[in-house]
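In: Have a look at this prediction, sequence included:
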Amino acid sequence: FLIGNALLQQKKITASIGFYRAAIVLCPNYPSGLNNLALAYKEKNQIQQTLCLLDRASKFSPKLAEIFNNKGHALLQLQQYEEALDAFNKAIELKGDFELAYNNKGAAFKSLERYDESLDCFQMAIEIKKDYFDAYNNKAAVLAELARFEEAKSCVKEALNFSPGNPILYSNLSNLEVGLGSFENAVVCCKKALVLQPGFDTATDQLGNILKQAHEFERASYYFSLMPYNRQAVAKSLECLYEAKLYTKLNSSLEKVAHSDKTNIRVAAVSAYFSHQLNKPDPYKFCPDPLSFFHVGHLSNYVENTDSFITKLLSEVDKKRLIWEPRNKTTHAGFQSDNRIFESGNYLGKLEDVLSREIYKFYSNHRSDDCFLVKLWPKSYSLKGWFVRLIENGHQDSHIHPAGWISGVVYLKTIKNPKNNEGSIELSLRGYNLPIIDPDYPKLIFQPKDGDIILFPSSLFHSTIPVRSKTERCVIAFDMYPDVRN
């Protein structure tokens, strides 16, 4: 057991698991052994195994608060926030001054956008442990979400008193300076973080973003280019070269990326746009003509009574917790669920099966197309979906889904007798407010009806035209994610 602990501290996870398992063979009812084995599996991101072990441990030691705190943390990783809160509450019930459980509980509330309760938890953690810099930092993050940047800045500075050489705190301070409009101070904080930890990706990315906001595109591109293993940074470097009108360098950089990474969705998105605007062949062959892959199906091809099926889907959705205008999302004047909608009911599970069949039909239609979207089609994949309800003035900003492969929408309730394309989806090559050279770039507007299913490459920019009627538009959006083992 002690050897397992030492190996776990050294991040030798597989070796630690071997020793913990040996300890449990000798003493099957050893709660600390089960708990630490669970932590080792959590490090390997094997969360279900983690939870099974923690449940076993809690049966043998039902009053050990650490077990319930660890269970809550594992549930956070699964985005099961309400269940995580139950676990943290149990940990706090068993150990009233458990600052780590309060801190984790605050993180769960933050994920649920219950910010006042989140702030209370972080403050409680700080009162229990005055030098708890992580709780100060987390409290600052919530205050930043609420645009209370001065208060957040004070929290981070307090944290720096207890951890003065912490590059993460300087990086976070940089974000707050941006929120306050102090770009020069933000740059200073980023550079301080990089002095403390050379090559610190978060600070490097922040520095690039700050310079990009300041329209110093060439310098921004340089900082993004320092992270060739970061797909978002690679794409942002290219975008900055385009903004800077450094087209020769852009083309050569695109050629290099095309050889090193064939499936960067964000690069595919902007490369298709660059190609059109510069009137040159697209060197990035993931999906040079994404609009030609737009696909329409219908629920009636899979269920006998579409209206009844939709009614049952909406009934199951009604049991989900929805968030109004969730932060860091594209939804305006609307509600949105988490991305586990297919786990939320029997009919929602059936819908997942329907979508898998429609995706197979999409693939079959394009099987002979000469692009990597098809040639490198994932051998296995998963679907994640989320419900969106837009009301009057509701819309979604232009965006792509860079973690997906294929994206889509199922329309459950659409606008009756729409005017001026309200509630339609607009698909386009242009996004990220990139400069327009040729205004005649390809775009498509689709006016959906109840039961429609649409599919398109995840690299295609799309938005929703605002709903103007006093009604609601209800959809389930989804992404197909390649299995990491592909």
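Out: That came through, no problem.

In: shaky segments in this structure?
Out: In the prediction, the chain carries residues with pLDDT under 70 at positions 485-486.

In: what about the longest helix in it?
Out: Longest among the helix segments of the chain by residue count, using DSSP state H, is helix 346-366.

In: List the buried residues of it.
Out: Neighbour-count burial for helix 346-366, counted by 16 or more other C-beta atoms under 10 Å, picks out 347-348, 350-352, 354-355, 358-359, 362-363, 366. Glycine gets a C-beta too; all of them are placed from N, C-alpha and C.

In: Can you tell me what sits against it?
Out: Helix 346-366 is touched from outside by 293, 295, 297, 299, 301-303, 309, 312-313, 315-317, 341-343, 373-374, 377, 383, 385, 406, 408, 410, 453, 455, 476, 478, 480, with contacts defined as C-beta atoms under 8 Å, 6 or more residues apart in numbering.

In: Show me which of the residues you listed are buried.
Out: The neighbour-count test (16+ other C-beta under 10 Å) applied to those identifies 293, 295, 297, 299, 302-303, 309, 312-313, 316-317, 341-342, 373-374, 383, 385, 406, 408, 410, 453, 455, 476, 478, 480 as buried.

In: How are the strands of the stretch 301-450 of the chain distributed by residue range?
Out: Ranges of strands within the stretch 301-450 of the chain are 323-324, 331-336, 381-399, 406-413, 425-428, 443-446, based on DSSP state E, counting those that start in this stretch.

In: export the ones you listed to CSV and tack on distance to residue 138?
Out: Output for the strands of the stretch 301-450 of the chain, formatted as CSV (distance: least, C-beta to C-beta, whole Å):
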stretch, distance to residue 138
strand 323-324, 20
strand 331-336, 23
strand 381-399, 25
strand 406-413, 32
strand 425-428, 37
strand 443-446, 42
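
In: out of those strands, deepest packed?
Out: Per-stretch averages of neighbours, counted by mean count of other C-beta atoms under 10 Å, single out strand 406-413 among the strands of the stretch 301-450 of the chain, with a mean of 23.

In: Check the secondary structure at residue 297 for me.
Out: For residue 297, the reduced secondary structure class is strand; criterion used: DSSP: H, G, I helix; E, B strand; the rest coil.

In: any idea how far residue 37 lies from residue 59?
Out: Between residue 37 and residue 59 the distance, using C-beta to C-beta, to the nearest Å, works out to 15 Å.

In: neighbour-wise, which of the two wins?
Out: Looking at residue 37 and residue 59 with other C-beta atoms under 10 Å, you find the greater number of neighbours at residue 37, namely 27 against 12.

In: how about the more buried one, what does it touch?
Out: Going by C-beta under 8 Å, 6+ apart, residue 37 touches 4, 17, 20-21, 24, 53.

In: helix or strand for it, which one?
Out: With elements taken from DSSP states H and E, the one containing residue 37 is helix 31-43.

In: tell me the angle of the next helix or strand after that helix relative to helix 31-43?
Out: Scanning the chain past helix 31-43 towards its C-terminal end, the next helix or strand to appear is helix 47-60 (assignment: DSSP H and E). For helix 47-60 against helix 31-43, the angle between stretch directions is 170 degrees (axes from the mean of the first three to the mean of the last three C-alpha atoms, to 10 degrees).

In: thinking again about what came up before, for ChimeraX, write the select line for the buried members of the contacts of residue 37.
Out: To isolate the buried subset of these in ChimeraX, counting by 16+ other C-beta under 10 Å, use the following:
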select :4,17,20,24,53
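
In: between the contacts of residue 37, which is closest to residue 108?
Out: Among the contacts of residue 37, residue 53 lies closest to residue 108 (C-beta to C-beta), at 20.9 Å.

In: wait, what's in contact with that closest one?
Out: Shown in contact with residue 53 (C-beta under 8 Å, 6+ apart): 34-35, 37-38, 41.

In: In a markdown table, list the residues you listed along with distance to residue 151.
Out: Formatted as a markdown table, the entries for the contacts of residue 53 read as follows, by distance: C-beta to C-beta, whole Å:
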| residue | distance to residue 151 |
| --- | --- |
| 34 | 42 |
| 35 | 37 |
| 37 | 41 |
| 38 | 37 |
| 41 | 38 |
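
In: and the gap between the residue most central in space within the chain and residue 482?
Out: The centroid of the chain falls nearest to residue 403 when counting by C-alpha atoms, centre = their mean (8.2 Å). Here the criterion is C-beta to C-beta. By it, residue 403 lies 9 Å from residue 482.

In: Can you tell me the closest non-neighbouring residue to the residue nearest to the centre of the chain?
Out: Setting aside the residues directly before and after it, residue 403 is nearest to residue 481 in space (C-beta to C-beta, 6 or more residues apart in numbering), at 6.5 Å.
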